[in-house]
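K.L.:
after the sequence you'll find the predicted model.
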Number of protein chains: 2
Amino acid sequence: MPSGPLMIIGGAEDKLRRRTILTDFVAASGGEQARIAVIPTASSLGQEVVEVYDALFRKLGAADVVAVRPESREDAHDPALVARLEAATGIFMTGGNQLKLSALVCGTPLADAIRAAHQRGVVVAGTSAGASIQSSHMVAFGGPGATPKQRMTQVAAGLGLLDSTVIDQHFDQRNRYGRLLMIVAQSPQLLGIGVDEDTAAVVEHVDGHDVMQVVGRGAVTVLDPSRIVTNAYDASRSTTLLASGVVLHVLPDGSRFDLTTRTLLPEPGLVDLAEAADLAEAGQDLRNLARDIAAADKSPTALRRRLARRRPPAGASPDTTPQQDPRQDPQQDGAF
Amino acid sequence: MPSGPLMIIGGAEDKLRRRTILTDFVAASGGEQARIAVIPTASSLGQEVVEVYDALFRKLGAADVVAVRPESREDAHDPALVARLEAATGIFMTGGNQLKLSALVCGTPLADAIRAAHQRGVVVAGTSAGASIQSSHMVAFGGPGATPKQRMTQVAAGLGLLDSTVIDQHFDQRNRYGRLLMIVAQSPQLLGIGVDEDTAAVVEHVDGHDVMQVVGRGAVTVLDPSRIVTNAYDASRSTTLLASGVVLHVLPDGSRFDLTTRTLLPEPGLVDLAEAADLAEAGQDLRNLARDIAAADKSPTALRRRLARRRPPAGASPDTTPQQDPRQDPQQDGAF
């Protein structure tokens, strides 16, 4: 069975109006059959957060919502708590402090159960802190700013649901280019993924590739440092970093991106359908002409005459009798 | 005579402490021979701004400072005002509203005189609005944000001292990735240049290339959209733009970048000098060995023996007599 989708949400997903992302999550979890496990551990609120998502997911049609709320690493080893993920068809990790979430969950049976659920096809979603923790390398904390500076942020280990990546969130709203650039300058094997608020990167495993589709109001920004030139190995504390040659992709709603090859994929639906029909008809016309040329070695003049017979001149009524061409070959016309 | 340097300053250049950028400007203007023309037209303050820069440039050693302050397009046609640029060895355009500056100056004899001064080798500097106006295409105004959105900013025509570029300023501090990305997505023949505060992009014309060197506390961010994939021709009002494949260069103090080829240049002084001397010596050794091999068809064993004679074994005193090799050829030793 293929692994389930990841929904990496940049925080502040709409909960009141269109709720596009949360609706997508419930649908991916099975809609009316959805049994959703909410992990609120990153949040300092805890129970209140569970109540908000419980109400939301039930309103959006989910059959069941359970809280999985470890408050210590010991809790995250508790077989009864871990077992609550067994029946889940969707897992949702809330926002808050991703370092608290990783401190309590990573390296425990609960983390193993989240990974196992992902492997057996369950959709795993997380917003803000719950987004950050999904990558192999996690932004622990750090300041804002567009320009990367040495030590402006810290990296910790994430859950590793998405390999060779580092995920940041609230990307536009909190001006986080600098810290994501700092991380990829120091770790150029990672792909930096910055997700805006009310926006999700939905990652699915397709034919051996991790394919990301963007959903929501903002963009997902990808920083590919494969060919970076940097002084990050040499720069002193808090100096501005050199980061030359980073390839940048800003991807709005509907964009599809292959994380494995690090390339944009064609967007289905970008083609104008009427234009496509016109093009198909013109293509068929050209193919017919080419076949006629091959079959009868016709001169271009003869072909022009044939076209003139098929298309009434401008101003002529559609039923004008076409001028007869004495060289006309009825058999050839039959081929049209 | 080659054209003079451009100093494109991202605003808020240090005026009280190290004053690196303003010191560089006075030096480039001729130091004690510097005759500086200040154009304060972008500013709503006017005379007060002139007084600040007058005091600063004189303190930094300039011989003379004059104000060139058109307050209307008619002023910018006044031959007496325009003539004040004739003796200038440096021109400094202050911050403020770049659209006011371009509205009063662009397309007037004063603009021609600025360009002529640049052509005859005069350094032309500008900070904030005075930076923006130097490019061929100018950010007129626009909002902040990391993610590009259709119509989040407006472009007007600049002075055109630097072709095929669009310059933005206060880049880090005012979170201006989004608007610069929007502009290059709509005009992919332009190179986007974002300059941080207290930072300057110094551009000189060298061997037919525009070479930029970065000076100051922050960075200069270059967005190269040569290979962009974008939906900017098709996106509706205020939607988030697709901008995939933009090459990003974040360049701190000391970096050099070829604006013509759009590539990072090697930074002089990045090489460790002791390491370079070691490498040069090792290279000479290898060349000597290669020459000996070519001259006498020596076996590697014979070469090892010769090296052993030249380098005392570990623990031996430097004046230990080397073991004699009966196959030694005195003529070959002379070649060392």
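P.N.:
That came in fine, so what should we check first?
K.L.:
alpha carbons only for contacts and neighbour counts from here, please
P.N.:
Fine.
K.L.:
what about the longest helix out of those in chain A, average pLDDT?
P.N.:
What stands out as the longest helix in chain A, according to DSSP state H, is helix A:273-296. Helix A:273-296 shows a mean pLDDT of 72.
K.L.:
stretch A:78-91 now?
P.N.:
Here the average pLDDT along stretch A:78-91 is 97.
K.L.:
give me the buried positions along it.
P.N.:
A:L81, A:V82, A:R84, A:L85, A:A88, A:T89, A:G90, A:I91 (16 or more other Cα atoms under 10 Å in any protein chain shown).
K.L.:
dump that stretch to PDB, keeping only the CA atoms.
P.N.:
This file holds the C-alpha atoms of stretch A:78-91, laid out as PDB (Å, rounded to 0.1, in the frame of the first residue of the first chain):
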ATOM      1  CA  ASP A  78       1.900   4.400  27.000                       C
ATOM      2  CA  PRO A  79       0.500   1.600  24.900                       C
ATOM      3  CA  ALA A  80      -3.100   2.700  25.500                       C
ATOM      4  CA  LEU A  81      -2.300   6.100  24.200                       C
ATOM      5  CA  VAL A  82      -0.300   4.800  21.200                       C
ATOM      6  CA  ALA A  83      -3.200   2.400  20.400                       C
ATOM      7  CA  ARG A  84      -5.500   5.300  19.700                       C
ATOM      8  CA  LEU A  85      -3.700   5.800  16.400                       C
ATOM      9  CA  GLU A  86      -4.500   2.300  15.200                       C
ATOM     10  CA  ALA A  87      -8.000   3.100  14.000                       C
ATOM     11  CA  ALA A  88      -7.200   6.600  12.800                       C
ATOM     12  CA  THR A  89      -7.700   7.400   9.100                       C
ATOM     13  CA  GLY A  90      -6.200  10.900   9.600                       C
ATOM     14  CA  ILE A  91      -3.800  12.400  12.000                       C
END
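K.L.:
what's the host helix or strand of A:V246 in contact with?
P.N.:
Secondary structure from DSSP states H and E places A:V246 in strand A:243-252. Residues outside strand A:243-252 that contact it (Cα atoms under 8 Å, 6 or more residues apart in numbering or on different chains): A:181, A:185, A:214-231, B:147-148, B:240-251, B:264.
K.L.:
give me the distance between the residue lying closest to A:A157 once chain neighbours are set aside and A:L191.
P.N.:
Excluding the flanking residues, the one nearest A:A157 by Cα to Cα, 6 or more residues apart in numbering or on different chains is A:H137, at 4.8 Å. Distance, A:H137 to A:L191, using Cα to Cα, to the nearest Å: 10 Å.
K.L.:
now the common contact residues for these two.
P.N.:
Shared contacts of A:H137 and A:L191, defined by Cα under 8 Å, 6+ apart, comprise A:S164, A:T165, A:V166.
K.L.:
next helix or strand past the helix or strand hosting the last one?
P.N.:
What it means is A:V166. When elements are assigned from DSSP H and E, A:V166 belongs to strand A:162-169. With elements assigned by DSSP H and E, the helix or strand that comes after strand A:162-169 is helix A:177-186.
K.L.:
so that following helix versus strand B:243-252, what angle?
P.N.:
80 degrees (axes from the mean of the first three to the mean of the last three Cα atoms, to 10 degrees).
K.L.:
quick one: mean pLDDT over helix A:177-186.
P.N.:
Per-residue scores along helix A:177-186 average to 96.
K.L.:
mind saving the C-alpha coords of the following helix or strand past that helix as PDB?
P.N.:
Toward the C-terminus, helix A:177-186 is succeeded by strand A:191-195 as the next helix or strand (DSSP H and E). The C-alpha coordinates for strand A:191-195 follow below in PDB (Å, rounded to 0.1, in the frame of the first residue of the first chain):
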ATOM      1  CA  LEU A 191      15.500  21.500   0.200                       C
ATOM      2  CA  GLY A 192      14.000  24.400   2.100                       C
ATOM      3  CA  ILE A 193      10.200  24.600   2.000                       C
ATOM      4  CA  GLY A 194       8.500  27.700   3.300                       C
ATOM      5  CA  VAL A 195       4.700  27.600   3.600                       C
END
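K.L.:
strand A:191-195 packs against which elements?
P.N.:
Under the contact criterion of 3 or more Cα pairs under 8 Å, 6 or more residues apart in numbering or on different chains; DSSP states H and E, strand A:191-195 touches strand A:162-169, helix A:177-186, strand A:219-224.
K.L.:
who does that strand pair up with?
P.N.:
Counting by DSSP bridges, the strands paired with strand A:191-195 are strand A:162-169 (parallel), strand A:219-224 (antiparallel).
K.L.:
still on that earlier bit, redo the helices and strands packed on strand A:191-195 as a markdown table? Include mean neighbour count and distance to A:V38.
P.N.:
Conversion of the helices and strands packed on strand A:191-195 to a markdown table gives the following (neighbours: other Cα atoms under 10 Å in any protein chain shown; distance: least, Cα to Cα, whole Å):
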| stretch | mean neighbour count | distance to A:V38 |
| --- | --- | --- |
| strand A:162-169 | 24 | 19 |
| helix A:177-186 | 25 | 28 |
| strand A:219-224 | 29 | 24 |
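K.L.:
what would those look like in CSV with distance to B:S255?
P.N.:
Shown next, in CSV, are the helices and strands packed on strand A:191-195 (distance: least, Cα to Cα, whole Å):
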stretch, distance to B:S255
strand A:162-169, 27
helix A:177-186, 16
strand A:219-224, 21
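K.L.:
so for B:G10, which of the ones you listed sits nearest?
P.N.:
Between B:G10 and those, the shortest gap by Cα to Cα is with helix A:177-186, which sits at 17.1 Å.
K.L.:
surely A:C106 meets A:A156?
P.N.:
No: using Cα atoms under 8 Å, A:C106 makes no contact with A:A156, being 10.8 Å away.
K.L.:
in terms of pLDDT, where does A:P322 sit?
P.N.:
For A:P322, pLDDT reads 43.
K.L.:
how about the residues of chain A near chain B?
P.N.:
A:145-148, A:171-173, A:175, A:177, A:217-219, A:240-253, A:255, A:264 (Cα under 8 Å from any Cα of the partner chain).
K.L.:
show the buried residues in those residues.
P.N.:
Buried subset of the residues of chain A next to chain B (neighbour count, 16+ other Cα under 10 Å): A:145-148, A:171-173, A:175, A:177, A:217-219, A:240-253, A:255, A:264.
K.L.:
follow-up on the earlier one: in terms of neighbours, single out the busier of A:C106 and A:A156.
P.N.:
Taking neighbours as other Cα atoms under 10 Å in any protein chain shown, A:C106 and A:A156 compare with A:C106 leading, 20 against 16.
K.L.:
distance check, the more buried one against chain B.
P.N.:
31 Å (Cα to the nearest Cα, to the nearest Å).
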